[in-house]
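Enquirer: Prediction below, plus the sequence it came from.
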Amino acid sequence: MAEECSHECSSCGVSGCGDRTEASGPSSLEPNKRSNIKNVIGVVSGKGGVGKSLVTSLLASEMQKRGFKVAILDADITGPSIPKSFGVDTRLTADADGINPAVTASGIEIMSVNLMLRREDEFVAWRGPVVSNAIKQFWQEVNWGDIDYMFVDMPPGTSDVFLTVFQSLPVDGIVTVSAPQELVAMIVGKAVNLARSMEVPVIGLVENMAYFKCDDCGKKHFIYGEPQGEEVAKRYEIPSVATLPLDPSFARLVDKGSVEDYDVEGALDSIIDQIEKTCAA
Ligand SMILES: Nc1ncnc2c1ncn2[C@@H]1O[C@H](COP(=O)(O)OP(=O)(O)OP(=O)(O)O)[C@@H](O)[C@H]1O
């Protein structure tokens with residue numbers, strides 16, 4: 001039994017609980033009647049602070065630039081940063097069918113707990129089952145409309161929220177994000193193995209903050225050592241890899257709420273191509 005059992009099996013993400021009174025296992029929830037979401041991609045990291053939310057924002061922006069209808073479901077309930085990155089602070093509206101998502105300057109639809117708080121610095125200290133339920137509500141009770149690609153910004157690590165998302169949403173694949181360091185293989189490996197245990201394909205690996213590019217001479221400096229992404233991707237048979245630089249302009253754009261303006265200079269093309277390929281299969 002879960003350590004903090006609330007006996008609310010319908011909202012609990014803990015799998016394999018002997019006390020469960022409802023059927024468990026992968027069973028995608030239906031979105032609301034105003035939603036037609038074709039593909040769902042989870043963005044995960046085995047560790048916090050590696051740039052998962054930034055990568056989610058950039059992948060969504062790049063996909064949007066390819067002409068697709070894109071949405072972000074911010075499942076990082078206790079550390080939501082998606083609305084701020086896009087400069088969205090609209091108060092949500094609702095109608096008889098459900099909640100209307102917020103929309104960014106370029107037209108990406110977003111749903112995040114931060115859009116429901118009175119102040120952006122208000123904290124959310126919810127237990128796992130409540131967090132899981134909020135994510136299910138974001139899926140089921142939001143009027144998403146027609147969406148080609150929904151990106152789900154997952155909380156860091158491999159918590160029960162992972163299980164909720166994989167068991168409740170029809171996830172077509174995940175992109176995993178890491179930062180360069182010795183533990184990268186182990187950390188990526190945990191996320192990859194968990195996804196595979198849920199039969200969710202791993203589409204790509206983004207090694208964030210891989211290098212610093214000199215403003216004057218353009219030379220790449222691998223300040224944390226040589227990137228290990230290629231090697232790790234080979235080991236775990238991840239089909240696409242990308243590196244992003246350590247770039248102070250990210251912080252400036254995120255603070256300004258203009259993350260959509262960042263030009264990744266094609267750095268994420270291989271991952272975006274692979275997402276399209278996997279979802280078309
Ligand atoms: N490549 C980068 N260059 C410079 N700053 C970066 C880069 N990637 C992320 N950052 C900054 O690092 C901080 C953490 O990034 P982000 O919130 O995307 O990480 P996260 O993995 O989603 O964190 P959490 O684990 O809290 O969910 C942010 O301030 C972000 O602007």
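Expert: Perfect, I can see it now.
Enquirer: From here on, just use CA atoms for contacts and neighbour counts.
Expert: Noted.
Enquirer: Report the buried residues of stretch 42-54.
Expert: Under the neighbour-count criterion of 16 or more other Cα atoms under 10 Å, stretch 42-54 has 42-47, 50-54 buried.
Enquirer: okay, how far is it across that stretch, tip to tip?
Expert: From its first residue to its last, stretch 42-54 covers 13 Å (Cα to Cα, to the nearest Å).
Enquirer: before we move on, what about stretch 213-231?
Expert: Termini of stretch 213-231 sit 22 Å apart (Cα to Cα).
Enquirer: Please apply the same query to stretch 198-209.
Expert: 29 Å.
Enquirer: Check whether that stretch comes into contact with the ligand.
Expert: Yes - judged by Cα under 6 Å from any ligand atom, stretch 198-209 and the ligand are in contact via 208-209.
Enquirer: now what about that stretch, what contacts it?
Expert: Residues external to stretch 198-209 that are found in contact with it (Cα atoms under 8 Å, 6 or more residues apart in numbering): 50-51, 55, 166, 171-180, 192, 195-196, 227, 229, 233, 238-247, 271, 274-275, 278.
Enquirer: Of the buried residues of stretch 42-54, which are in range of the ligand?
Expert: Applying Cα under 6 Å from any ligand atom to these, those adjacent to the ligand are 50-54.
Enquirer: Now render the buried residues of stretch 42-54 as JSON lines, adding distance to S132, pLDDT and secondary structure.
Expert: Below are the buried residues of stretch 42-54 laid out as JSON lines (distance: Cα to Cα, whole Å; pLDDT from 0 to 100; DSSP: H, G, I helix; E, B strand; the rest coil):
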{"residue": "G42", "distance to S132": "15", "pLDDT": "95", "secondary structure": "strand"}
{"residue": "V43", "distance to S132": "17", "pLDDT": "95", "secondary structure": "strand"}
{"residue": "V44", "distance to S132": "16", "pLDDT": "92", "secondary structure": "strand"}
{"residue": "S45", "distance to S132": "18", "pLDDT": "87", "secondary structure": "coil"}
{"residue": "G46", "distance to S132": "18", "pLDDT": "81", "secondary structure": "coil"}
{"residue": "K47", "distance to S132": "19", "pLDDT": "80", "secondary structure": "coil"}
{"residue": "V50", "distance to S132": "23", "pLDDT": "88", "secondary structure": "coil"}
{"residue": "G51", "distance to S132": "22", "pLDDT": "90", "secondary structure": "coil"}
{"residue": "K52", "distance to S132": "19", "pLDDT": "92", "secondary structure": "helix"}
{"residue": "S53", "distance to S132": "19", "pLDDT": "93", "secondary structure": "helix"}
{"residue": "L54", "distance to S132": "22", "pLDDT": "95", "secondary structure": "helix"}
